[in-house]
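Asker: Sequence plus predicted model, see below.
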Amino acid sequence: MFKIITHNKHKFEEMQKVVPDLEMLSMEYPEIQANSLEEVVDFSLDYLAERIEGNFIIDDSGLFIHSLNNFPGVYSAYVFDTIGNMGILKLMEGIEDRRAIFKTVIGVRLEGQNFKFVGLCHGHIAKEPRGTNGFGYDPIFVPEGDDRTFAEMSTEEKNKVSHRGKAIRKVSSFLHRFGFI
């Protein structure tokens, strides 16, 4: 059984559909301000390794909007909590280039070693929020090759193309290869 350290039950549920042997552990830990998601995950893995016994998984994700110089990026959670989807849409008013990338970095602490797995999903920012599924920026992000937002997709559909779905499948493959799940 692997623990996933998160307060976000939606993240947990998405990942658990791919790796059923996950157990959610909700605990506070500092999230540093850094230039990349990888730096945040590295710090968090080391910090939590001193406080948690056994193997565990963490993740950090960000929405990188090209025309906003990749904002909100590593500050995505804070920006969402502060201005939400409507604030992002306000910033995007009058902007033609709506391309964006969703990125997840999953950190795995396994037998005392750290591993990282990255998932990317290219797409664009919708003109208005659509859909009721998912969480966070899902109502305004449209993945490449689809005309629906993540919030208009089922969890299974989203997992097939999303940044987190891609990253957790890499984790699942890695853990299977070494016999941990």
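Answerer: All right, it came through fine.

Asker: any idea which helix or strand of the chain has the worst average confidence?
Answerer: Least confident helix or strand of the chain, by mean pLDDT, DSSP states H and E, is helix 9-18 with a mean of 88.

Asker: and the helix or strand following that helix, what does it pack onto?
Answerer: Next in sequence after helix 9-18, counting helices and strands by DSSP states H and E, comes strand 22-25. Where contact means 3 or more CB pairs under 8 Å, 6 or more residues apart in numbering; DSSP states H and E, strand 22-25 is packed against strand 2-5, helix 9-18. Just so you know, the C-beta spots here come from the backbone N, C-alpha and C atoms, and that holds for glycine as well.

Asker: coming back round to it: other SSEs contacting the least confident helix or strand of the chain?
Answerer: Using 3+ CB pairs under 8 Å, 6+ apart as the test, helix 9-18 ends up in contact with strand 2-5, strand 22-25, strand 56-65, helix 155-161, helix 163-177.

Asker: need the ones you listed in CSV with distance to Thr104, can you?
Answerer: Formatted as CSV, those follow (distance: least, CB to CB, whole Å):
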stretch, distance to Thr104
strand 2-5, 13
strand 22-25, 15
strand 56-65, 4
helix 155-161, 12
helix 163-177, 4
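
Asker: Return the most buried member of those.
Answerer: strand 56-65 (a mean of 23; mean count of other CB atoms under 10 Å).

Asker: neighbours of Ser44, just the number please.
Answerer: Per other CB atoms under 10 Å, the neighbour tally for Ser44 reads 21.

Asker: Secondary structure element holding it?
Answerer: helix 37-49.

Asker: So which elements touch that helix?
Answerer: strand 56-65, strand 99-110, strand 113-125.

Asker: Out of the helices and strands packed on strand 22-25, which is closest to Ala126?
Answerer: When the helices and strands packed on strand 22-25 are compared by CB to CB, helix 9-18 sits nearest Ala126, at 19.2 Å.
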